[in-house]
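In: Fold the stuff below for me.
(chains A and B)
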2 protein chains.
Amino acid sequence: MSSVKEIKEAKKAVAFNRESLESVLKRRFFYAPAFELYGGVSGLYDYGPPGCAFQANVVDTWRKHFILEEDMLEVDCTMLTPYEVLKTSGHVDKFSDWMCKDPKTGEIFRADHLVEEVLESRLKGDQEARGLLKNANSEAEANAEKKKRKKKVKEIKVVKLDEKVAKEYEEVLAKIDGYSGQELGELMVKYDIRNPATNGELEAPRAFNLMFETAIGPSGQLKGYLRPETAQGQFLNFNKLLEFNNGKTPFASASIGKSFRNEISPRSGLLRVREFLMAEIEHFVDPENKAHPRFDEIKNISLKFLPREVQQSGSTVPIETTIGKAVASGMIDNQTLGYFIARIYLFLIKIGVDEDRLRFRQHMANEMAHYAADCWDAELQTSYGWIECVGCADRSAYDLSVHSKKTGEKLVVRQKLETPIEVTKWEIEVNKKLFGPKFRKDAPKVEAYLTNLDQQELASKAKELKETGKITFKVAGIDGEIELDDKFLTLERKTRTEHVREFTPNVIEPSFGIGRIIYSVLEHSFWCRPEDSARAVMSFTPAVAPTKVLLVPLSNNKELQPIVSKMSKSLRKQQIPFKVDDSGVSIGKRYARNDELGTPFGITIDFDSVKDESVTLRERDSTRQVRGSLDDIIKAVKEITYDGIPWDEATKNLTPFVSQSTD
Amino acid sequence: MSSVKEIKEAKKAVAFNRESLESVLKRRFFYAPAFELYGGVSGLYDYGPPGCAFQANVVDTWRKHFILEEDMLEVDCTMLTPYEVLKTSGHVDKFSDWMCKDPKTGEIFRADHLVEEVLESRLKGDQEARGLLKNANSEAEANAEKKKRKKKVKEIKVVKLDEKVAKEYEEVLAKIDGYSGQELGELMVKYDIRNPATNGELEAPRAFNLMFETAIGPSGQLKGYLRPETAQGQFLNFNKLLEFNNGKTPFASASIGKSFRNEISPRSGLLRVREFLMAEIEHFVDPENKAHPRFDEIKNISLKFLPREVQQSGSTVPIETTIGKAVASGMIDNQTLGYFIARIYLFLIKIGVDEDRLRFRQHMANEMAHYAADCWDAELQTSYGWIECVGCADRSAYDLSVHSKKTGEKLVVRQKLETPIEVTKWEIEVNKKLFGPKFRKDAPKVEAYLTNLDQQELASKAKELKETGKITFKVAGIDGEIELDDKFLTLERKTRTEHVREFTPNVIEPSFGIGRIIYSVLEHSFWCRPEDSARAVMSFTPAVAPTKVLLVPLSNNKELQPIVSKMSKSLRKQQIPFKVDDSGVSIGKRYARNDELGTPFGITIDFDSVKDESVTLRERDSTRQVRGSLDDIIKAVKEITYDGIPWDEATKNLTPFVSQSTD
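Out: Below you'll find the predicted structure:
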């Protein structure tokens, strides 16, 4: 087996089975439930050595692909975040899911998931009753299914539904991500959705904030949260970053770190966890010019898109087109967004995502935050369905605006104008002499409030002042309403010549859930050899494989030891991660063990090696082998792994080798 | 200036000044107080681009130096940790500092710090009164001092002390780290220590647990903490790691990640923070054989040690000796501990710690945890004094033992014995038939309790059974006392032939506070050019410098652009972090700006470059320059930065170059 096509076919010969994959992941400690010794905590996982190395390589690739290549400004901000910041960003009020409690058992359900599961199971029961579904309920299969699903609904009841009802269910399921708590409550009443285990009635859905709360400092007075995303830290440092970039836009900041979500009821392994690694970019750009200087480099990349319109039509068949065309047609809002979608694609392919199982789905209008201009998710297909792994949103000027408004600090770009322009706008002037005596220590707060009003607000205040002779307003942190007449301030439209344009930049935010990406790549990389379906292989690309080389001395004979040592020393010096397997078992078995770990290269040291320092290099997927000198073999490994040179080219001067042992 | 000695002297010519350093760190956004826009939260800092890149390089060096070089098993465990785990480890009960509150103002002080500061200031006042201290209290200086110290005691009162009292104060200060809460309370009464600002009386010290608490899941019932160290996750995964290592010891696990301490009153910038990056190693070793196979490689390294005896004698003059001798004499408890001390030293030097400001201090008996066999801190000298930056402790079998005992899971190594041995020991046998009916669902718990008793406990139970005919005990999770007579169990000493030795490994733990190390390296790297003390330089070693190369086109002339592009492309392809500075300012100024950022190399592109593609390479510290072809210059940069080749060797084929511009 050596051609790319043959390998590709071999990979698909044995049908994917999630349990086989999970068995390998567990046995080889890619990851495991955290605190298993203490019974575990759902939604928390630890990465073992191969998972951890894989994660480190993915992060390293990310850093090089984005930060280094695009000259981004990396920051590392704290996870502990005070209440005020997340109140302003909207997370305290809106970052929640709907939960409903069974008052009898105390069990808590996530409302949308429960509605989804119950309706899906009823539809399945209906299909079965109509004989449209293969009756899969042999007991063993049903158990396996239950275990695999880890779902609340343990049993599918074979009951035929009214056709109208079935259609309603399907419509609800299609819109399940968009319901409010009240709507979910109404659906639960309408369709009589109860605790699937006990049939007990449930309380109406209540909002449950997903942030972990804690208290900072010894007094217990300073309430804080663990950040739910890394973005806010980047926004708060905007002025420092802008200064670091000499005042110029566009520029991007980036951050890699853990974030936290107190999921109501985590499921689906690594796909929905309470503590997770994120990598986020905040690209700050002029709202009036979202062209990207490097757009030409990527405009001909063709991708699979699932735009809003296609979804609304009820289809899930993606449109395949180039980024260039997608931006030109307006399907993607702007060049910068398009540029990042292409860069995300290139990154995912680099770390081993299967191109055929990747699509870009546009958010529906009701999915997007109200301030977002456009949003696309890179979705990866897994045995759990299509999973949102990277979001790419245009957040407009929302975040910088709310923080600026709250703190009274300007978060803007000042751009010198080549040609000065005439600008007519509302201006406010306060009579400071009267402010001091009236407001005392609150005077600066009131002043800041007034000077931070935007044009629309100033216009409305001007109207109020004109009509009533006074303005009234409230200021956060000051009790009661404040009333000021025209002795305290003037409000006029003035025309001025401006030499500097001041604007709040918009933010394009590519946001990566590293754990979800890792799990998807694990699924995409996993296959079993057709000749023996118990022999699993992880086809990691060499760049992200946890270990690059396995050194295999043919036997325990001491004669081989010096070559093993020499080879080890050379690999260590060149910082190529490797392992030695000098256990007594057969070469074939040793390779099989390392195929499971995704080690791309094996180097066999035999008795000929002692004579002439030649060794055999084996490629994991094809199992083909070549022979050459110790130095040439390491050179080939290095070129393939770190310089991206294809196997055929890197080994063209080495001799094909046919193994004596079974492999 | 070119000889190593000249450069070394130049670096010391301008006296170190913390304010100059802090001004650079702030201005160039190495790091900054987090949430500054919202007034900041003490003890929380964000790293800006140069700090973040520096940190990433330090971590990368750590990973290569320890994990890759020593074949350690890296794991990434969650920060959220359930109560039970930290209760067992002892953190819930013991991980606290003593705080005392001013009931009038509500202010909270850390008791030991307060006692320390008050006594120090009284001693200073005494010295001044005796004319022994230069009276530094010109108002400006006093203010600068106050600001710099950020201390509670704002003012030094010039009061002469009784000589006996002064001596007592000094004794207290020498032992300040070892006092209990009660002792601190007694000292506060004895020496009338009050709120320095108001002179108000303080409440007696209370223990304040330093862990951040939170609730996991929607019910609010599962109490958790943010981990105070990464170690526990590694211990809990011990069995999985041992299996991953094919059951063999010694082996080491390692972890890099954030930990949290809710400091009562953080001070000293990055040295005492509430959220910090740690890198920890847990090396699991046979308690009966702590020899290290690679000890010979490091035994001749000579270091400065401050052993227990020297400290007890009141001296701080370190002993300089080799690791080999220190272990042979018993000063360091064992080879493995010695090996890691040497490896820590090599790492610190690699990332730019000044050897002259590094010492290894042994913990005093009262500083160590009761289970620790020996403990050494790598201390780095900074303007805040000698700072503990790396701990290297022998934690014995404590952690694995307590978790095993609590969970009933064995955490042991099973070693096949070459020669079987006869072992006589206490054995317990329970009569399972009687357990079921008596304890029902609790039966497994009671059984587990009994079968987990160690030899000492079995001996004592056997005595009890013999003398009273029964044994009584309590089991966690079962109410009341349990009483069993000899119908339920037998307890006998038996002699058996064992073919397998079972043991709980001991743990040697090198634990790195990355933030503290980074701050110390920043101080050790900082100096000002003697010819102009406003020109600051950060002498980072190339391997950890945030940016490696600054590309400087001589002017904005478009002719130079192609060479800049070509050079950029080549650097990017070889993944060498670089920046282009094509601003209009003078070459000298551009270099000065980058000296502050610690960029080790500058490459100047001038009009000769257009003709023959030759460029000039400038070394930051010496400012000397050489000229060569574009490719040769990049090759030299790469060799110095990534292969550790010295400047002289890497540039020996390049032509010395004398700059036309002032630099």
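In: Low-confidence ranges, the stretch 101-250 of chain A, go.
Out: Flagging of the stretch 101-250 of chain A using pLDDT under 70 yields the residue ranges A:133-151.
In: Can you tell me which residues in the stretch 351-500 of chain A are near chain B?
Out: Contact residues, the stretch 351-500 of chain A versus chain B (CB under 8 Å from any CB of the partner chain): A:403, A:407, A:409. (Glycine included, C-beta is placed from N, CA and C.)
In: Show me which of those is closest to residue A:533.
Out: residue A:403 (55.6 Å; CB to CB).
In: helix or strand for the closest one, which one?
Out: Assigned by DSSP states H and E, residue A:403 belongs to helix A:398-407.
In: State the mean pLDDT of that helix.
Out: Helix A:398-407 carries an average pLDDT of 94.
In: Next secondary structure element downstream of it?
Out: Next helix or strand after helix A:398-407 toward the C-terminus (DSSP H and E): strand A:413-430.
In: For chain A, which element, helix or strand, carries the lowest mean pLDDT?
Out: helix A:139-149 (a mean of 51; mean pLDDT, DSSP states H and E).
In: Which is the succeeding secondary structure element to it?
Out: Immediately after helix A:139-149, counting by DSSP H and E, sits helix A:163-174.
In: who's in contact with that next one?
Out: Residues outside helix A:163-174 that contact it (CB atoms under 8 Å, 6 or more residues apart in numbering or on different chains) are A:115, A:116, A:119, A:120, A:122, A:123, A:126, A:161, A:187, A:191, A:314.
In: out of those residues, which is most surrounded?
Out: If you count neighbours using other CB atoms under 10 Å in any protein chain shown, the busiest of the contacts of helix A:163-174 is residue A:115, which has 26 neighbours.
In: Next, the angle strand A:413-430 makes with the helix holding residue A:403.
Out: Angle of helix A:398-407 versus strand A:413-430, following axes from the mean of the first three to the mean of the last three CA atoms, to 10 degrees, is 40 degrees.
In: Helix A:398-407 packs against which elements?
Out: Where contact means 3 or more CB pairs under 8 Å, 6 or more residues apart in numbering or on different chains; DSSP states H and E, helix A:398-407 is packed against helix A:83-89, helix A:231-236, strand A:506-513.
In: Counting neighbours, show which residues of that helix come out buried.
Out: Of the residues in helix A:398-407, A:398, A:399, A:400, A:402, A:403, A:404, A:405, A:406, A:407 count as buried by neighbour count, 16 or more other CB atoms under 10 Å in any protein chain shown.
In: can I get the CA coordinates of that helix in PDB?
Out: Output of helix A:398-407 as PDB, limited to C-alpha atoms (Å, rounded to 0.1, in the frame of the first residue of the first chain):
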ATOM      1  CA  TYR A 398     -20.000  47.100  20.900                       C
ATOM      2  CA  ASP A 399     -17.400  46.100  23.500                       C
ATOM      3  CA  LEU A 400     -15.100  49.100  23.300                       C
ATOM      4  CA  SER A 401     -18.200  51.400  23.400                       C
ATOM      5  CA  VAL A 402     -19.800  49.900  26.500                       C
ATOM      6  CA  HIS A 403     -16.500  49.900  28.400                       C
ATOM      7  CA  SER A 404     -15.700  53.400  27.400                       C
ATOM      8  CA  LYS A 405     -19.100  54.600  28.400                       C
ATOM      9  CA  LYS A 406     -19.000  52.900  31.700                       C
ATOM     10  CA  THR A 407     -15.500  54.000  32.700                       C
END
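In: how far does that helix sit from the chain's center?
Out: When distances are taken as CA atoms, centre = their mean, to the nearest Å, helix A:398-407 is centred 25 Å away from the chain's centroid.
In: Kindly report the same for stretch A:347-358.
Out: From the chain centre to the centre of stretch A:347-358 is a distance of 14 Å (CA atoms, centre = their mean).
In: Name the residues of it that come out as buried.
Out: Of all the residues in stretch A:347-358, those buried under the rule 16+ other CB under 10 Å are A:347, A:348, A:350, A:351, A:352, A:353, A:354, A:357, A:358.
In: Give the closest residue to the spatially most central residue of chain A in space, chain neighbours not counted.
Out: Geometric centre of chain A, nearest residue: residue A:513, 2.2 Å, by CA atoms, centre = their mean. Spatial nearest neighbour of residue A:513, chain neighbours left out: residue A:389 (5.7 Å); criterion: CB to CB, 6 or more residues apart in numbering or on different chains.
In: can you confirm that neighbour is in a strand?
Out: Yes - if the criterion is DSSP: H, G, I helix; E, B strand; the rest coil, then residue A:389 is within a strand.
In: so it sits right up against residue A:379, yeah?
Out: Yes - using CB atoms under 8 Å, residue A:389 is in contact with residue A:379, at 6.7 Å.
In: Please give me every residue in contact with the residue located most distally from the centre of chain A.
Out: Distance from the C-alpha centroid of chain A, by CA atoms, centre = their mean, peaks at residue A:487 (54.4 Å). Shown in contact with residue A:487 (CB under 8 Å, 6+ apart): A:431, A:434.
In: got the CA positions of the longest helix that chain A contains in PDB?
Out: Across chain A, the longest stretch assigned as helix under DSSP state H is helix A:111-129. The C-alpha atoms that make up helix A:111-129 are tabulated as PDB, following Å, rounded to 0.1, in the frame of the first residue of the first chain:
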ATOM      1  CA  ALA A 111     -34.400  23.300  29.300                       C
ATOM      2  CA  ASP A 112     -33.500  23.500  25.600                       C
ATOM      3  CA  HIS A 113     -31.600  20.200  25.700                       C
ATOM      4  CA  LEU A 114     -34.500  18.400  27.400                       C
ATOM      5  CA  VAL A 115     -37.100  19.700  24.900                       C
ATOM      6  CA  GLU A 116     -34.700  18.600  22.100                       C
ATOM      7  CA  GLU A 117     -34.200  15.200  23.500                       C
ATOM      8  CA  VAL A 118     -37.800  14.400  24.300                       C
ATOM      9  CA  LEU A 119     -39.100  15.600  20.900                       C
ATOM     10  CA  GLU A 120     -36.300  13.700  19.100                       C
ATOM     11  CA  SER A 121     -37.100  10.500  20.900                       C
ATOM     12  CA  ARG A 122     -40.800  10.900  20.200                       C
ATOM     13  CA  LEU A 123     -40.000  11.400  16.500                       C
ATOM     14  CA  LYS A 124     -37.800   8.300  16.600                       C
ATOM     15  CA  GLY A 125     -40.600   6.300  18.300                       C
ATOM     16  CA  ASP A 126     -43.000   7.600  15.600                       C
ATOM     17  CA  GLN A 127     -40.700   6.500  12.800                       C
ATOM     18  CA  GLU A 128     -40.300   3.100  14.400                       C
ATOM     19  CA  ALA A 129     -44.100   2.700  14.800                       C
END
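In: does chain B sit close to it?
Out: No - where contact is defined by CB under 8 Å from any CB, no part of helix A:111-129 touches chain B; the two come within 11.4 Å at best.
In: And the residue nearest to the centre of chain A, how far from chain B?
Out: Distance of residue A:513 to chain B, computed by CB to the nearest CB, to the nearest Å: 15 Å.
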